[in-house]
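Chemist: Here you go, sequence then predicted model.
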Amino acid sequence: MTDVYLYGHVSTGIIVRIQGRYPEPDGYGEIVETLDNHCGEATGSAIVLSRLGASVVLEGNWIGDTPACRGTVKFLESRGIDCSGLVVKPGYQGATEITISDGESRTVFGRYIDLLFTTQQWEMPSVERIEQARVVCVDPSFGAATLAVARAAKAAGKPLVTSDAPYDSALAALADVVAISGELMARDYPEALESEEEREKLFERYLEHCPGLVVFTAGSRPLWYSRGRAGEGGPGQVPPGERRQLSPILVQIVDSAGAGDSFRGGLIYGLLQRWGDDETVRFASALASLVCTTTPGCVNPPSLEQVRELLESSAL
């Protein structure tokens with residue numbers, strides 16, 4: 001039995017940290033440092049969970065036939081992550097990215113449109129591995145493969161975690177936990193970032209469509225969470241439809257890349273521990289905050305002891 005099965009983005013890249021804010025067009029930015037990165041949503045969650053002591057199986061897109069991409073697989077394996085389901089495709093360039101981080105924001109340049117919207121560049125998930133996991137997590141962007149993971153998890157009675165699924169999607173309806181980022185809102189629901197009233201309306205739409213735990217994250221703004229109105233509720237769970245709020249922990253942000261991946265990892269860890277919703281969300285928030293204090297955050301994730309210390313010192 002494996003603790004977590006993760007399916008999704010496995011990428012190779014670099015983080016370029018710059019001094020001051022990201023420049024305007026035709027402007028100039030001073031480079032502070034350039035760091036190798038092993039990234040992608042599933043990758044970030046996998047690294048964080050492995051550091052917390054969970055056993056993890058990772059599947060997803062093809063791995064590039066390059067030294068850098070093969071190096072990502074070696075790095076993940078060195079962290080105890082089972083990568084035997086990842087396929088190194090001969091002659092394939094791989095999913096790569098360059099992230100520019102100014103401490104307060106991050107700008108990503110990558111090959112994700114080519115990866116997700118041209119020809120299929122991934123294998124279908126292993127149903128057997130899904131059935132052998134305690135918790136299943138899937139990235140939302142892999143079409144039929146994403147839904148295959150979700151349906152296999154539900155058929156096997158495994159808790160399903162995802163992120164940034166549209167409220168009216170089949171994936172959101174199947175998920176036991178769905179985390180929604182400010183990045184998704186900016187892309188698909190910009191009015192929710194411009195107006196508190198519109199954010200409330202969007203949150204209500206998620207509660208109407210998603211039976212599980214819904215969490216809205218938004219950087220430095222308070223996060224919201226609740227159980228969908230169709231849910232039955234249970235011990236330690238927020239009553240369906242009752243919105244709760246949690247203020248973010250104030251930390252010195254070095255790099256925000258990976259905050260969402262680690263937050264999702266924290267939610268998964270809470271499921272593994274059978275914690276209630278309040279404790280799970282607090283833990284995920286503290287974990288994501290700590291990841292933002294170093295770079296690359298998910299490559300150098302905090303220990304369980306460090307997360308507990310932050311929770312105690314911040315009285316969350």
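Modeler: In hand now; what should we look at? All of these numbers come straight from a predicted model, not from anything done at the bench.
Chemist: Return the residues in contact with residue 146.
Modeler: 7, 138, 139, 140, 171 (C-beta atoms under 8 Å, 6 or more residues apart in numbering). C-betas here are computed from N, CA, C, even on glycine.
Chemist: Torsion angles phi and psi at it?
Modeler: phi -60, psi -50 (degrees, to the nearest 10).
Chemist: Read off the pLDDT value for it.
Modeler: Looking at residue 146, its pLDDT reads 98.
Chemist: try residue 314
Modeler: 82.
Chemist: Distance of it relative to residue 248?
Modeler: 10 Å (C-beta to C-beta, to the nearest Å).
Chemist: How about residue 285?
Modeler: 7 Å.
Chemist: How about residue 218?
Modeler: 9 Å.
Chemist: Not counting sequence-adjacent ones, nearest residue to the residue nearest the centre of the chain?
Modeler: Centroid-nearest residue in the chain, with C-alpha atoms, centre = their mean: residue 261, separated by 2.7 Å. Leaving aside its sequence neighbours, residue 261 sits nearest to residue 44 (C-beta to C-beta, 6 or more residues apart in numbering; 2.7 Å).
Chemist: where does the closest residue to residue 105 other than its chain neighbours land in three-state SS?
Modeler: The shortest distance from residue 105 to any non-neighbouring residue, by C-beta to C-beta, 6+ apart, is to residue 22 (6.1 Å). In three-state terms, and counting by DSSP: H, G, I helix; E, B strand; the rest coil, residue 22 is coil.
Chemist: neighbours around residue 22, how many?
Modeler: By other C-beta atoms under 10 Å, 15 other residues sit near residue 22.
Chemist: Now for it: which residues touch it?
Modeler: 29, 100, 102, 105, 107.
Chemist: what's the next secondary structure element after the stretch of helix or strand the residue nearest to residue 261 belongs to?
Modeler: If you go by DSSP states H and E, residue 44 is part of helix 41-51. As assigned by DSSP H and E, the chain's next helix or strand after helix 41-51 is strand 56-60.
Chemist: Can you give me the buried ones in the helix or strand just after that following strand?
Modeler: Tracing the chain C-terminally past strand 56-60 and defining elements by DSSP H and E, one meets helix 67-78 next. Residues of helix 67-78 classed as buried by neighbour count (16 or more other C-beta atoms under 10 Å): 69, 72, 73, 75, 76.
Chemist: so the last one touches residue 60, yeah?
Modeler: This means residue 76. No - with contact defined as C-beta atoms under 8 Å, residue 76 and residue 60 do not form a contacting pair (11.1 Å).
Chemist: what do the two both touch?
Modeler: Joint contacts of residue 76 and residue 60 (C-beta under 8 Å, 6+ apart) are residue 10.
Chemist: who touches residue 116 in this structure?
Modeler: 141, 142.
Chemist: Quick check: which element contains it?
Modeler: Going by DSSP H and E, residue 116 is in helix 112-117.
Chemist: Show me which residues of that helix are buried.
Modeler: 112, 115, 116.
Chemist: before we move on, what about stretch 80-99?
Modeler: 81, 82, 83, 86, 89, 92, 94, 95, 96, 97, 99.
Chemist: Just the pLDDT for the closest residue in space to residue 77 that isn't next to it in sequence.
Modeler: Spatial nearest neighbour of residue 77, excluding adjacent residues (C-beta to C-beta, 6+ apart): residue 83 at 5.4 Å. In this prediction, residue 83 carries a pLDDT score of 98.
Chemist: now residue 222
Modeler: 89.
Chemist: list the contacts for it?
Modeler: Residue 222 neighbours (C-beta under 8 Å, 6+ apart): 245, 246, 247, 248.
Chemist: which phi and psi does the residue nearest to residue 105 have?
Modeler: Per degrees, to the nearest 10, the backbone of residue 22 is at phi -60, psi 130.
Chemist: any idea how far residue 163 lies from residue 143?
Modeler: 16 Å.
Chemist: When these two are compared, which one has more neighbours?
Modeler: The residue with more neighbours, out of residue 163 and residue 143, is residue 163; 27 against 12, by other C-beta under 10 Å.
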